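J.: need a structure here:
(chains A, B, C and D)
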There are 2 protein chains.
Amino acid sequence: MKIGEAASESGISAKMIRYYESVDLISAASRTETGYRVYSDDEVHTLRFIRRARDLGFSVEQIRELLALWRDRSRASADVKRFALLHVESLEAKARRLREMALTLQHLADTCHGDARPHCPIIETLAEDDNDVAPIDRTRRAQRFAR
Amino acid sequence: MKIGEAASESGISAKMIRYYESVDLISAASRTETGYRVYSDDEVHTLRFIRRARDLGFSVEQIRELLALWRDRSRASADVKRFALLHVESLEAKARRLREMALTLQHLADTCHGDARPHCPIIETLAEDDNDVAPIDRTRRAQRFAR
DNA sequence: CCTTGACCTTCCCATTATTGGAAGGTTTAC
DNA sequence: GTAAACCTTCCAATAATGGGAAGGTCAAGG
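T.: Below you'll find the model as predicted:
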């Protein structure tokens, strides 16, 4: 089948299939005489694997490793599990950061009357000094001039 | 003060300060005779506002609006609150998506023995057909060739 | 007075995954 | 035989940030 069908069969756009080929995530498809890419069921199968991995938030580099794990019939399931659990942790860390932001902003919003008057603690907290809406990262701030 | 000090005072890198200037998030700093950017306390104050907004996950475009809201002394607090709550929703939506991925993957990992043998339901779920690890997005998949 | 190091400047490049579009060739269906 | 719907490659843009090069400036100390 050609790339358009492979795209709709796999759920990956034709553009992305070409991109995955260009970064060697998948091997170069064979071509018709006129240069059209041709995909086998097996290749579409791989594309679906890739799409599911993407749906789970794995990056291209991580999917590269997952494909290697998939193809390595002798790797221990522990290897896969370790890899998966690392990713779970990273997803949860990202989710926590987002929830923390949401919570902080929600608290600020709770203190805002939300009426026609201009006084607004949300803006004022952003504007006033000696506030910090996130844990201070001392690796990044105020090393120099900290006299 | 020059850009380095403004950077450490505000918690925004010199590189980003120049970038914010280039995209007109902040107005162009005045210069010394030799071309160095010079910042007033007021400008650093604005930079801190921007950093706090970034810490809450607002994009540059959103910060542009926040700055406008900050400077508009007559806008209703309801305007700010609405804007903030929209962002809370979007943060929560992103967090939900990430948690859903984490949960799905965690469930898969739970079914994996994680021993020295190769059998691994995580990889197999990614590989086998008729699985979907994420809600199917029918706007994206299988419109063409759906015969 | 000159050197050195820590600043500063601009400009360009890279990142990640994805989409959009242009210019042009192919295939298919009528 | 033509039009629509494919396909090709190449280039650009996205968002926010950092890296680095090449070069100018400034303050301190010898």
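J.: close to DNA strand D: what parts of chain A are there?
T.: A:2-5, A:14, A:18, A:35-37 (Cβ under 7 Å from any atom of the strand). Placement of C-beta: from N, CA and C, glycine included.
J.: closest one of those to A:Pro135?
T.: Distance to A:Pro135 across the residues of chain A next to DNA strand D (Cβ to Cβ) is lowest for A:Arg18, with 42.2 Å.
J.: show the pLDDT at the closest one.
T.: A:Arg18 carries a pLDDT value of 97.
J.: quick check, it in a helix?
T.: Yes. Counting by DSSP: H, G, I helix; E, B strand; the rest coil, A:Arg18 is part of a helix.
J.: next, find the distance separating A:Leu130 from chain B.
T.: Quick fix: residue A:130 reads Asp, not Leu. 10 Å (Cβ to the nearest Cβ, to the nearest Å).
J.: what number of residues lie near that residue?
T.: A:Asp130 has 4 neighbours, counted by other Cβ atoms under 10 Å in any protein chain shown.
J.: kindly report the same for A:Arg64.
T.: Residues near A:Arg64, counting by other Cβ under 10 Å: 17.
J.: element containing it?
T.: Secondary structure assignment for A:Arg64, by DSSP states H and E: helix A:60-71.
J.: what is the subsequent helix or strand relative to that helix?
T.: Following helix A:60-71 in sequence order, the next helix or strand is helix A:77-110 (DSSP H and E).
J.: counting contacts, what elements does that following helix pack onto?
T.: Judged by 3 or more Cβ pairs under 8 Å, 6 or more residues apart in numbering or on different chains; DSSP states H and E, helix A:77-110 is in contact with helix A:60-71, helix A:121-127, helix B:77-110, helix B:121-127.
J.: near DNA strand C at all, it?
T.: No. Residues of helix A:77-110 contacting DNA strand C under Cβ under 7 Å from any atom of the strand: none, with a closest distance of 12.2 Å.
J.: buried ones in stretch A:78-97?
T.: Going by neighbour count (16 or more other Cβ atoms under 10 Å in any protein chain shown), the buried part of stretch A:78-97 is A:79-81, A:83-85, A:87-88, A:91-92, A:94-95, A:97.
J.: any chance of those in TSV, with pLDDT too?
T.: As requested, the buried residues of stretch A:78-97 are exported to TSV (pLDDT from 0 to 100):
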residue	pLDDT
A:Asp79	96
A:Val80	97
A:Lys81	97
A:Phe83	97
A:Ala84	97
A:Leu85	97
A:His87	97
A:Val88	97
A:Leu91	97
A:Glu92	96
A:Lys94	96
A:Ala95	97
A:Arg97	96
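J.: biggest separation within those residues, which pair?
T.: A:Asp79 and A:Arg97 (28.1 Å).
J.: so A:Glu5 lies in a helix, does it not?
T.: Yes. Counting by three-state DSSP, A:Glu5 falls inside a helix.
J.: give me every residue that touches the closest residue to A:Arg75 other than its chain neighbours.
T.: Spatially, and ignoring its direct neighbours in sequence, A:Arg75 is nearest to A:Leu69 (5.6 Å; Cβ to Cβ, 6 or more residues apart in numbering or on different chains). Taking Cβ atoms under 8 Å, 6 or more residues apart in numbering or on different chains, we find A:Leu69 in contact with A:75, A:79-80, A:83, B:123.
J.: count the residues that sit near whatever residue of chain A ends up closest to DNA strand D.
T.: The minimum distance from chain A to DNA strand D, using Cβ to the nearest atom of the strand, falls at A:Gly4 (2.5 Å). Neighbour count of A:Gly4, defined by other Cβ under 10 Å: 15.
J.: re the thing from before, which of the residues of chain A next to DNA strand D count as buried?
T.: Taking 16+ other Cβ under 10 Å as the criterion, what is buried in the residues of chain A next to DNA strand D is A:3, A:37.
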